[in-house]
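>>> Compute the structure for the input listed below.
(one chain, ligands or ions: 1)
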Amino acid sequence: TASPPTDLVVFGGTGDLAMRKLLPALFLCDRDGGLAPETRIIAASRDGLADADFRDKAAAAVQASPAVLRAGDVDPLTLRRFIERMHHVTVDVGGELAAWKPLGDLLHPDRPRVFYLALPPMLFGRICRDLGAAELVTDDSRVVLEKPLGRDLASARAINEEVGEVFPEHQVFRIDHYLGKETVQNLLALRFANMFLEPIWNSRWIDHVQITAAETVGVGSRRGYYDGSGAMRDMVQNHLLQLLCLIAMEPPASFDREAVRDEKVKVLQALRPLTDGDVAEHTARGQYVGGTVAAQDVPGYADEPGGSGEPSSTETFVALEAGIGNWRWSGVPFYLRTGKRMARHYSEIVVQFRDVPHAIFPGQATAANRLVIRLQPEETIHLHMLAKEPGAGALRLRPAPLELSFADTFAERSPDAYERLLMDVLAGNPTLFMRRDELEAAWRWVDPIIAAWDGTTPEPYAPGSTGPAGAHDLIGRSGRTWHEEE
Ligand code: BG6
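Residues are numbered from 1 along each chain as shown. Predicted coordinates for the structure are as follows:
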């Protein structure tokens, strides 16, 4: 069903995120009947584009989008209808208040307004203040904030304060696009719509959990942003900790926005702090060097465009061991890792169960069960089990996975994360967005780790590898190993 007629204003509307992700996702929402006929998409930027030029640019972006191409042929009439929703308005963010008048004139007086800030976070406070001062914020308005939201707890708080002066919390939508991924939402279904997992989902039965988000790409043209961020702020503080929350949270009483977020924030608050002394032992950070991958020369991080060519202490890889201090998880390590220029592109969660307490098959090694939830590129769930090898001779055990492939099981297309999240914003549903206390709890845990790294140098690792030796040492100290594709 279509969302209510809305004016959706995208700040940074001609930028990279809008062109690559937001407009293609909105196009697919529109194609599938999710946008009311009156809904308009208004790009706000400094570019001074005429509507017609912006529409051409938007049409080209939609047609070139891999997500759109995957979703089938682009019907010209559907594209035209979508493009006619588009407007461009020039706003000099940070300029005089009068600069907001053209936007004010364009906005419909009675329709809900969504202000999507696809811009760097240091502008969030200022834009919200000016939106307020220009009297553009109505009771029916929402603001969407892209990550990274600040660079530490103090800056995140300052932004939240400034935004909060204009938008009450229920009107603030903080995006973590991992929460919009179909397979990530499926974690909730897997855990809370099935009976057999929950009773064994605790430290009695689970040995440890691994969460990996590996990319083969380098930082490419994003060096300017990435230098001030690094993998910890770019991936761990948000995406990986959100996955950890969904794996570790207690069952909420309902699928209500606050009930779900209340349980997630409790996990973040229960994370055992890693401070000075623990950081060296429980974390590893790396930076990729140049090399050859699949017969192609790739630059090291220090030589990526936009850098000085000088050594940099920004990490492009992080591995760490987190612990959750509560009844369910006490003593169960959660190993998190993420990196660029790794051997393979995939994200997965591995739940490693404990070994059987007593082996009854003579001469046959047992292997503990493992649940592998693959989030991307393919969406699968594997339960690794042992079975009897067929044959009349002595009983032999052999690994035999139970496999669930979403693509094979469901005929429906999996929407892109942004499609789902944009539809939720238009419907006013914040369940899959980060609440202020969640975001701040995540920074509170991350800050001391980053502080303890100060003055240290990330360990070099080869492109196309599984990361620096330190990551293998980290998990190896407890006699465990990272799960790599068999
Ligand atoms: C973004 C990070 O939030 O997530 C990027 O800023 C990263 O550095 C991206 O590449 C990964 O997202 P996905 O959906 O491709 O796993």
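
>>> helix/strand/coil for the residue of the stretch 1-150 of the chain at minimum distance from the ligand?
Nearest residue of the stretch 1-150 of the chain to the ligand (Cβ to the nearest ligand atom) works out as Lys147 at 6.1 Å. In short, each C-beta sits where N, CA and C put it, glycine included. Counting by DSSP: H, G, I helix; E, B strand; the rest coil, the backbone at Lys147 sits in coil.

>>> what do you get for the one 4 residues further on?
With three-state DSSP as the basis, the three-state label of Arg151 is coil.

>>> That one touches Gly230, doesn't it?
No. Arg151 is not in contact with Gly230 according to Cβ atoms under 8 Å; the separation is 9.9 Å.

>>> of those two, who's got more company?
Set Arg151 next to Gly230 and count neighbours by other Cβ atoms under 10 Å: Gly230 wins out with 23 against 18.

>>> Look up how far Asn326 lies from the more buried one.
When distance is defined by Cβ to Cβ, to the nearest Å, Gly230 is 29 Å away from Asn326.

>>> Can you give me every residue that contacts the residue nearest the centre of the chain?
Central residue of the chain (Cα atoms, centre = their mean): Tyr178, 3.0 Å from the mean position. Shown in contact with Tyr178 (Cβ atoms under 8 Å, 6 or more residues apart in numbering): Val184, Asn238, His239, Gln242, Leu243, Ala417.

>>> mind checking the backbone torsions on the third one?
Torsion angles at His239 (phi, psi; degrees, to the nearest 10) stand at phi -60, psi -50.

>>> Just give the nearest non-adjacent residue to it, would you?
Nearest residue to His239 in three dimensions, chain neighbours excluded: Tyr178, at 4.2 Å (Cβ to Cβ, 6 or more residues apart in numbering).

>>> Looks like Arg233 contacts Asp447 (just checking).
No. In this structure Arg233 lies outside contact range of Asp447 using Cβ under 8 Å: 10.2 Å.

>>> From the neighbour counts alone, determine which of these two ranks first.
More crowded of Arg233 and Asp447, by other Cβ under 10 Å: Arg233, with 22 against 17.

>>> Doesn't the more buried one belong to a helix?
Yes. Assessed with three-state DSSP, Arg233 lies in a helix.

>>> quick one: pLDDT of the closest residue to Leu432 other than its chain neighbours?
Counting by Cβ to Cβ, 6+ apart, Leu432 lies nearest to Leu179, which is 4.4 Å off, once chain neighbours are set aside. As predicted, Leu179 sits at a pLDDT of 95.

>>> before we move on, the earlier item: count of residues packed around the residue of the stretch 1-150 of the chain closest to the ligand?
20.

>>> ok, now the one 10 residues further on?
Here the count is done by other Cβ under 10 Å, and Arg157 has 16 residues near it.

>>> now the strands for the stretch 351-486 of the chain?
370-376, 380-388, 397-405, 459-461 (DSSP state E, counting those that start in this stretch).

>>> Hmm, I typed the wrong one, I wanted the stretch 151-300 of the chain.
According to DSSP E, counting those that start in this stretch, the stretch 151-300 of the chain carries its strands in the segments 172-174, 206-214, 283-288, 291-293, 296-298.

>>> quick revisit: just the closest of the contacts of Tyr178 to Thr14, please.
Ala417 (21.6 Å; Cβ to Cβ).

>>> Now do the contacts for the closest one.
By Cβ under 8 Å, 6+ apart, the neighbours of Ala417 are His177, Tyr178, Leu179, Gly180, Lys181, Glu182.

>>> Take those residues and keep only those in helices.
Per DSSP state H, helices hold the following members of the contacts of Ala417: Glu182.

>>> Just among the contacts of Ala417, which is most surrounded?
Result: Lys181 is most packed of the contacts of Ala417 (other Cβ under 10 Å), 25 neighbours.

>>> Surely it is in contact with Gln376?
Yes. With contact defined as Cβ under 8 Å, Lys181 and Gln376 form a contacting pair (7.3 Å).

>>> Near the ligand, which residues of the stretch 151-300 of the chain are found?
Selection of the stretch 151-300 of the chain residues close to the ligand by Cβ under 6 Å from any ligand atom yields Ala213, Glu215, Asp234.

>>> Spatially, what comes nearest to Thr431 if we skip its sequence neighbours?
Arg257 (4.3 Å).

>>> list the contacts for Ile127?
Per Cβ under 8 Å, 6+ apart, neighbours of Ile127: Phe11, Val93, Phe115, Leu117, Leu119.

>>> what about the first one, how many neighbours?
Looking back up the chat, that one is Phe11. 25.

>>> for it, phi and psi?
Torsion angles at Phe11 (phi, psi; degrees, to the nearest 10) stand at phi -80, psi 140.

>>> Tell me the spacing between it and Ala99.
In terms of Cβ to Cβ, Phe11 sits 13 Å off from Ala99.

>>> lowest-pLDDT helix or strand in the protein?
helix 223-227 (a mean of 89; mean pLDDT, DSSP states H and E).

>>> Now do the buried residues in that one.
Arg223, Tyr226, Asp227 (16 or more other Cβ atoms under 10 Å).

>>> So for Arg191, what's the nearest residue that isn't a sequence neighbour?
Leu197 (6.0 Å).

>>> number of nearby residues for the one you found?
Counted with other Cβ under 10 Å, Leu197 comes out at 14.

>>> Okay, it and Leu187: tell me how far apart.
Applying Cβ to Cβ to Leu197 and Leu187 gives a distance of 11 Å.

>>> What about Cys128? Give its phi and psi, please.
Here is the backbone geometry of Cys128 (degrees, to the nearest 10): phi -60, psi -40.

>>> for it, what are its contacts?
Here Cys128 is in contact with Val143, Glu162, Val163, Glu165, Val166, Phe167 (criterion: Cβ under 8 Å, 6+ apart).

>>> swap the cut-off to 6 Å and go again
Val163, Val166 (Cβ atoms under 6 Å, 6 or more residues apart in numbering).

>>> Equivalent analysis for Thr1, please.
Taking Cβ under 6 Å, 6+ apart, we find Thr1 in contact with no residue.

>>> Swap in 8 Å and give it another go.
Gly33, Gly34.

>>> That concludes my questions; thank you for your assistance.
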